[in-house]
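Compute the structure for the input listed below.
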Amino acid sequence: MAESTRSEIRLHVNGVTHRLDVDNRRTLLDALREDTGHTGPKKGCDRGQCGACTVLLNGWRVVSCLTLAVAVDGSDITTVEGLAHEGELRPLQQSFVQLDGLQCGYCTPGQLCSAVGMLAEHAAGWPSAVTADVSPDAPARELDAEEVRERLSGNLCRCGAYPSIVRAVLETAAREEVAG
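Numbering: from 1, shown residues only. All right, here's what the predicted structure looks like:
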C-alpha cells in the first residue's frame, strides 16, 4: 500500500493514549477492536443501522463503524469498558443488570454507551423527534418512556429487552435527578 494512504493517529481510549499507524480507510470500530484490544464495541451490521458499535466520542455518541479513525485523531473515546469508575459499575450499568436490560448481551455495550450519551443530550436540552416544542424558550421535555424509546431507536436488540432497557434508563435518570 502506498505511503500516502496511511496516517499516524492518537486515540485516547478510556483514558489511555494509543498511537496507531492506520490505513486512512480504517473505521474507528476496527481500530478499537483490532488495534487497541477494546472488544466491547461490537460489529453488528457494519452499516450504522444497529448501534452495536456505539461509543462516546468526546462525550457524544457515535456509531464507530461509520466513523473513520483518522477523522477522530486526538479525540477522547469511551467504550463500554471505560464506563465503570475504578471497578465500580455506574448506576446505569447496575440498573441494566438489576432490571434485566440485557439478555444475550451482544447489543449491551452499544445500548449502554448510547444511553449514557442520550442522558447527556437530554440534560443539555437537545430535542428529539418526539419533542413537540423545539423553540429556544420551551421547557425541557420530561424524560418518559416515549422519549427514551425515540432517543435509543438507533440501537437494536434481537432479544427484545427493550422494556427493561427503557425502565433501566428511566430509573437511573430519576435517581440521578434526585441526587443531582
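
And the lengthiest helix in the chain, what's buried?
Counting residues, the longest helix found in the chain (DSSP state H) is helix 162-179. Neighbour counts over helix 162-179 (16 or more other CB atoms under 10 Å) mark Tyr162, Ser164, Ile165, Val166, Arg167, Ala168, Val169, Leu170, Glu171, Thr172, Ala173 as buried. Every C-beta, even on glycine, is put in place using the N, C-alpha and C of the backbone.

Distance of the nearest residue to the fourth one once chain neighbours are set aside relative to Leu57?
For Val166, the nearest residue in space outside its immediate sequence neighbours is Val148; the separation is 4.9 Å by CB to CB, 6 or more residues apart in numbering. According to CB to CB, to the nearest Å, Val148 and Leu57 sit 21 Å apart.

These two: who's more crowded?
Of the pair Val148 and Leu57, Val148 is the one with more neighbours under other CB atoms under 10 Å, namely 24 against 19.

three-state assignment of the more buried one?
helix (DSSP: H, G, I helix; E, B strand; the rest coil).

Quick check: which ranges of this structure have low pLDDT?
1-3, 178-180 (pLDDT under 70).

Now the residue nearest to the spatial centre of it: closest residue in space, sequence neighbours ignored.
For the chain, the residue nearest the mean C-alpha position is Cys113 (2.8 Å; CA atoms, centre = their mean). For Cys113, ignoring the flanking residues on the chain, the nearest one in space by CB to CB, 6+ apart is Thr54 at 4.6 Å.
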